[in-house]
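Enquirer: have a look; sequence and predicted model below, questions after that.
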Amino acid sequence: MEGNELVQILNQKIGIDLPGNIDTDELHAALRGVINDLIQHDFQRLVSVLYRVDIEENKLKKILKEQQGTDAAEIITSLIIERERQKIETRKKFRK
């Protein structure tokens with residue numbers, strides 16, 4: 001089961017409503033669907049989400065260029081989840 005804290009953060013930052021008891025694969029699939037929808041229908045909102053999550057534009061461009069042929073929504077989803085996990089770990093370290 002995916003961390004409830006991660007799901008709550010993603011719900012808040014992206015404006016979605018995923019259940020807290022979702023597992024990793026379900027989280028990834030649901031988020032990929034949302035990101036794909038944003039790519040196709042609301043690119044400005046996607047840019048805003050990437051800014052809020054703190055995905056580096058240059059890093060994203062580099063990865064998209066290196067992995068041409070890979071689904072962009074898949075790449076962005078992985079980057080968002082990875083970045084939010086990093087922030088959670090950093091907060092845990094500084095709480096101690």
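Expert: It's in.

Enquirer: which parts of this structure are helices?
Expert: With helices called from DSSP state H, the chain shows them at 4-14, 24-41, 43-53, 57-66, 72-95.

Enquirer: so which residues make contact with the last one?
Expert: Where contact means C-beta atoms under 8 Å, 6 or more residues apart in numbering, the residues beyond helix 72-95 that reach it are 3, 5-6, 9-10, 13-14, 27-28, 31-33, 35-36, 39, 46, 49-50, 53-55, 59-60, 63-64, 67. (C-beta placed from N, C-alpha, C; glycine too.)

Enquirer: which of these count as buried?
Expert: Neighbour counting with 16 or more other C-beta atoms under 10 Å marks 6, 9-10, 14, 27-28, 31-32, 35-36, 46, 49-50, 53, 55, 63 as buried within these.

Enquirer: ok, which pair from the residues you listed is furthest apart?
Expert: The largest separation in the buried ones among the contacts of helix 72-95, counting by C-beta to C-beta, is between 9 and 63 at 21.8 Å.

Enquirer: residues in contact with the spatially closest residue to residue 14 that is not a sequence neighbour?
Expert: Leaving out its chain neighbours, the residue that sits closest to residue 14 by C-beta to C-beta, 6 or more residues apart in numbering is residue 49, at 5.4 Å. Neighbouring residues of residue 49 by C-beta under 8 Å, 6+ apart: 13, 14, 38, 80.
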